[in-house]
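Peer 1: sequence and computational prediction follow.
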Amino acid sequence: QVQLVESGGGLVQAGGSLRLSCAASGSFFSINVIGWYRQAPGKQRELVASIESGESTKYATSVKGRFTISRDNNAKNTVYLQMNSLNPEDTAVYYCYCNYVQSYYSSTQIYWGQGTQVSVSS
């Protein structure tokens, strides 16, 4: 089973920056995709950014040019989400997730972190 530990949320003023981190650990064969979703009050959960095992990245249109997802050079199962130029619309609970394979013969599963609150004041 994989575990995800998130950190880095908090309260920041509009225009500020935060960095989220997510560290995957546990017993698994491989992680195919790891990234972040977010959910604001009254809204559906949406993909923010993801990075694949081949280093291909995806971003929501609303965060392109402001957010950057990257992998720790020394711990490939740790990823960071650098969030710059934050605005109040970025306020949400941010959930780390991963698509992983438990063993060589297993199908892909999704695992979610516990979530971390990001609040941006105007």
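Peer 2: Everything's here; your move. Everything quoted here is computed from the prediction, not taken from an experiment.
Peer 1: from the centre of this protein, give me the residue that's furthest out.
Peer 2: Residue farthest from the centre of the chain, counting by CA atoms, centre = their mean, is residue 105 at 26.6 Å.
Peer 1: sec struct for it, please.
Peer 2: coil (DSSP: H, G, I helix; E, B strand; the rest coil).
Peer 1: what bridges to the residue nearest the centre of the chain?
Peer 2: Nearest to the mean C-alpha position of the chain, counting by CA atoms, centre = their mean, stands residue 36 at 2.4 Å. Beta bridges link residue 36 to residue 49, residue 96, judged by DSSP bridges.
Peer 1: roughly how far does it sit from residue 25?
Peer 2: 17 Å (CB to CB, to the nearest Å). Heads up, the C-betas are built off the backbone N, CA and C, glycines and all.
Peer 1: for residue 7, see how far away residue 52 is.
Peer 2: Distance from residue 52 to residue 7, by CB to CB: 23 Å.
Peer 1: and if you look at residue 110?
Peer 2: From residue 110 to residue 7 the distance is 21 Å (CB to CB).
Peer 1: ok, residue 112 next?
Peer 2: 15 Å.
Peer 1: how many residues are close by residue 85?
Peer 2: 13 (other CB atoms under 10 Å).
Peer 1: pLDDT score assigned to the residue lying closest to it once chain neighbours are set aside?
Peer 2: What sits nearest to residue 85 in space, not counting adjacent residues and going by CB to CB, 6 or more residues apart in numbering, is residue 66, at 4.7 Å. On pLDDT, residue 66 comes in at 98.
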